[in-house]
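Asks: here you go, sequence then predicted model.
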There are 2 protein chains.
Amino acid sequence: MPLKALPAYEQIKRYVIRRISEGDWKPGGLIPSEMELVKEFGVARMTVSRALRELTAERVLTRVQGSGTFVAPQRYESTVLEIRNIADEIADRGHRHSASVLTLEPSDDPLALEALGLASGPAFHSCIVHSEEGEPIQYEDRYVNPKVFPDYLQQDFTVETPNHYMVRLAPIQRAEFRIYAQKPDAYVRRHLMMDIGEPCLQLWRRTWVGDDVATSVRLWHPASRFHLAGNV
Amino acid sequence: MPLKALPAYEQIKRYVIRRISEGDWKPGGLIPSEMELVKEFGVARMTVSRALRELTAERVLTRVQGSGTFVAPQRYESTVLEIRNIADEIADRGHRHSASVLTLEPSDDPLALEALGLASGPAFHSCIVHSEEGEPIQYEDRYVNPKVFPDYLQQDFTVETPNHYMVRLAPIQRAEFRIYAQKPDAYVRRHLMMDIGEPCLQLWRRTWVGDDVATSVRLWHPASRFHLAGNV
DNA sequence: GAGTGGTCTAGACCACAGG
DNA sequence: CTGTGGTCTAGACCACTCC
């Protein structure tokens, strides 16, 4: 139990984050000016300024001198690897995304249940091929925890990617990943329309919501059409 | 025509970074107090405080109330962002690391100079094969900015890896990376003793010290013996 | 011109570490 | 106790955007 009150700048930071996470202030939208927050909290402008500056450094806000302070566009999943929603990534390149759902059903695969930390099944299982301008770019083999996403099987993943669906419903709190270079098996190679001998960049990832593993996913990408990139 | 002067807090940040990267202030060591820097720069304490606070957030410094401000101990983390020193990684597995230096010389490769942001050469160039229990696990092709590491060519990289050497001398502040799955060329394949047709996991990375690109490196790993892993 | 953020000052009080 | 960092105030001037 905290004996002292949090510093004012920290309270303001949390207030801003709460307003964003509760949907009052939406990504891309303008938030109150420094002077308005000064009046609202009864503090000096420097204090508000520090709170907003730190949230800008944390990429929660963006600020434009002369214009105002805005909620930063939302980031999907791991900021670490910048593995964004594949559909958004494609859209940012000005290209058209399409998805083909190969599988969407319950599964009792014991390895999948173990990865999700489930004592008993079933888990939900989906296999989707994502394409950019009609060219396959990602084979997604995903297992989902029904406890976290009970309506997963009822979604139409040609309209919204599983990644987007899950980020929309639950805040990802932790992730674990591994990255491999791999020769694809014949099934994946055929769906990605790859030449024989071309390697895959494979990403395996588990994400947590609270103490539950939300999803465990393997993503295969043709080496010739895909790489991962990011900054620290 | 000189551009606008940098803000005072930014000048102080760069000053601190320069003193660290030039070895005047060493990891773990005490640096001057806020008041001493206030006198030295002739600014208000808030200005020095902001500079040091931001460097603390960037993990360049650590501060202890009542004690002082210290240069942060350098850390070797296991995320893709800060790939660990390969030697430490191998040692953690209880294995023996060895390195073979293939190349260590100045280079005027125009692509390398461009990657380092250098108008004129030479840059320093090294090629090293790292092995775990005698088995090659990483081919490292590195270009280094002589402005940041003037003594690079005089080091013995069979004793200390380039990564460890650089982290020891300068605080890495920012990194950019790309990860590829790739078929190795014959030269790399031979040095890594890989089967024909086996893919490589290739990591390309640039790191910054202050506003200078410190190093640009390509790391090839045999897919069968290596993967990247991490948490968020 | 009015409103915004970016920076800076010269004080202040506090919590904490170490002699 | 002194010196350290942590926070905060109530002003100020500036650069920028938008109307």
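Replies: Okay, I see it. Numbering: from 1, shown residues only, chains lettered A, B, ... in the order given.
Asks: domain map for chain A?
Replies: A:8-71, A:86-225 (automatic domain parsing).
Asks: what's the weakest-modelled helix or strand in chain A?
Replies: Between all helices and strands in chain A, the lowest mean by mean pLDDT, DSSP states H and E belongs to strand A:228-231, at a mean of 65.
Asks: coming back round to it: now mean neighbour count and distance to B:H227 too, for the domains of chain A, in a markdown table please.
Replies: Using the backbone N, CA and C atoms, a C-beta is placed for each residue, glycine as well. Formatted as a markdown table, those follow (neighbours: other C-beta atoms under 10 Å in any protein chain shown; distance: least, C-beta to C-beta, whole Å):
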| stretch | mean neighbour count | distance to B:H227 |
| --- | --- | --- |
| domain A:8-71 | 15 | 28 |
| domain A:86-225 | 17 | 5 |
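Asks: please report how far A:H95 lies from DNA strand C.
Replies: 33 Å (C-beta to the nearest atom of the strand, to the nearest Å).
Asks: which residues does that residue contact?
Replies: A:E132, A:E133 (C-beta atoms under 8 Å, 6 or more residues apart in numbering or on different chains).
Asks: what's the separation between it and A:E89?
Replies: Per C-beta to C-beta, to the nearest Å, A:H95 is found 9 Å from A:E89.
Asks: using PDB, list the CA coordinates for the host helix or strand of A:E89.
Replies: Take DSSP states H and E as the rule and A:E89 turns out to sit in helix A:86-92. What follows is helix A:86-92, C-alpha atoms only, in PDB (Å, rounded to 0.1, in the frame of the first residue of the first chain):
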ATOM      1  CA  ILE A  86       0.100  -8.100 -41.700                       C
ATOM      2  CA  ALA A  87      -3.000  -6.400 -43.200                       C
ATOM      3  CA  ASP A  88      -2.000  -3.000 -41.900                       C
ATOM      4  CA  GLU A  89       1.600  -3.500 -43.100                       C
ATOM      5  CA  ILE A  90       0.400  -4.300 -46.500                       C
ATOM      6  CA  ALA A  91      -2.000  -1.400 -46.500                       C
ATOM      7  CA  ASP A  92       0.800   1.000 -45.500                       C
END
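Asks: what about that helix, average pLDDT?
Replies: Across helix A:86-92, pLDDT averages out at 72.
Asks: neighbouring strands - and their directions - for the helix or strand that that helix is followed by?
Replies: The helix or strand immediately downstream of helix A:86-92 is strand A:97-107, counting by DSSP H and E. Next to strand A:97-107 in the sheet, as set by DSSP bridges, lie strand A:123-132 (antiparallel).
Asks: who does whichever helix or strand comes after the strand it pairs with touch, helix- and strand-wise?
Replies: Sequence order places strand A:135-144 as the next helix or strand after strand A:123-132, per DSSP H and E. Using 3 or more C-beta pairs under 8 Å, 6 or more residues apart in numbering or on different chains; DSSP states H and E as the contact test, the elements touching strand A:135-144 are helix A:86-92, helix A:110-116, strand A:123-132, helix A:162-169, helix A:186-191, strand A:212-222.
Asks: what does chain A put close to DNA strand C?
Replies: Listed as neighbours of DNA strand C in chain A under the rule C-beta under 7 Å from any atom of the strand: A:33-36, A:45-46, A:49, A:52-53, A:56, A:63-69.
Asks: thinking again about what came up before, would you single out the least confident of the helices and strands packed on strand A:135-144?
Replies: Looking at these, the bottom one is helix A:86-92 with a mean of 72.
Asks: starting at the chain centroid, how far to it?
Replies: 12 Å (C-alpha atoms, centre = their mean, to the nearest Å).
Asks: output stretch A:150-170 as PDB, nothing but the C-alphas.
Replies: What follows is stretch A:150-170, C-alpha atoms only, in PDB (Å, rounded to 0.1, in the frame of the first residue of the first chain):
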ATOM      1  CA  PRO A 150     -14.600 -17.800 -26.800                       C
ATOM      2  CA  ASP A 151     -16.100 -16.500 -30.000                       C
ATOM      3  CA  TYR A 152     -13.000 -17.000 -32.100                       C
ATOM      4  CA  LEU A 153     -14.500 -19.700 -34.400                       C
ATOM      5  CA  GLN A 154     -17.500 -17.400 -35.300                       C
ATOM      6  CA  GLN A 155     -15.300 -14.700 -36.800                       C
ATOM      7  CA  ASP A 156     -14.800 -14.000 -40.500                       C
ATOM      8  CA  PHE A 157     -11.100 -13.800 -41.000                       C
ATOM      9  CA  THR A 158     -11.300 -12.700 -44.600                       C
ATOM     10  CA  VAL A 159     -12.500  -9.400 -43.200                       C
ATOM     11  CA  GLU A 160     -10.400  -8.900 -40.100                       C
ATOM     12  CA  THR A 161      -7.200 -10.700 -39.300                       C
ATOM     13  CA  PRO A 162      -7.000 -12.800 -36.200                       C
ATOM     14  CA  ASN A 163      -4.300 -10.500 -34.900                       C
ATOM     15  CA  HIS A 164      -6.500  -7.400 -35.300                       C
ATOM     16  CA  TYR A 165      -9.400  -9.300 -33.700                       C
ATOM     17  CA  MET A 166      -7.500 -10.300 -30.700                       C
ATOM     18  CA  VAL A 167      -5.800  -6.900 -30.200                       C
ATOM     19  CA  ARG A 168      -9.200  -5.300 -30.400                       C
ATOM     20  CA  LEU A 169     -10.600  -7.500 -27.700                       C
ATOM     21  CA  ALA A 170      -7.800  -8.000 -25.200                       C
END
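Asks: list of residues touching it?
Replies: Contact with stretch A:150-170 is made by A:74, A:76-77, A:85-88, A:98-101, A:104-106, A:124, A:126, A:128, A:130, A:140, A:142, A:144, A:146, A:148-149, A:172, A:207, A:209, A:214-215, A:217, as judged by C-beta under 8 Å, 6+ apart.
Asks: also stretch A:10-19?
Replies: A:5-6, A:25, A:31, A:37, A:41, A:43, A:47-48, A:51-52, A:54-55, A:60-61.
Asks: out of these, which are inside strands?
Replies: Members of the contacts of stretch A:10-19 lying in strands (criterion: DSSP state E): A:I31, A:L61.
Asks: same for the host helix or strand of A:T69, what does it pack against?
Replies: Assigned by DSSP H and E, A:T69 falls within strand A:68-71. Under the contact criterion of 3+ C-beta pairs under 8 Å, 6+ apart, strand A:68-71 touches strand A:30-31, strand A:61-64.
Asks: out of those, which is closest to chain B?
Replies: Chain B sits nearest to strand A:61-64 of all these, at 15.2 Å, using C-beta to the nearest C-beta.
Asks: in its sheet, which strands sit next to the closest one, and in what direction?
Replies: Sheet pairing for strand A:61-64, using DSSP bridges, gives strand A:68-71 (antiparallel).
Asks: how about the strand it pairs with, does it reach DNA strand D?
Replies: No: on the criterion C-beta under 7 Å from any atom of the strand, strand A:68-71 is out of touch with DNA strand D, staying 8.4 Å away.
Asks: can you give me the offset of that strand from its chain's centre?
Replies: Counting by C-alpha atoms, centre = their mean, strand A:68-71 comes out at 22 Å from the chain centroid.
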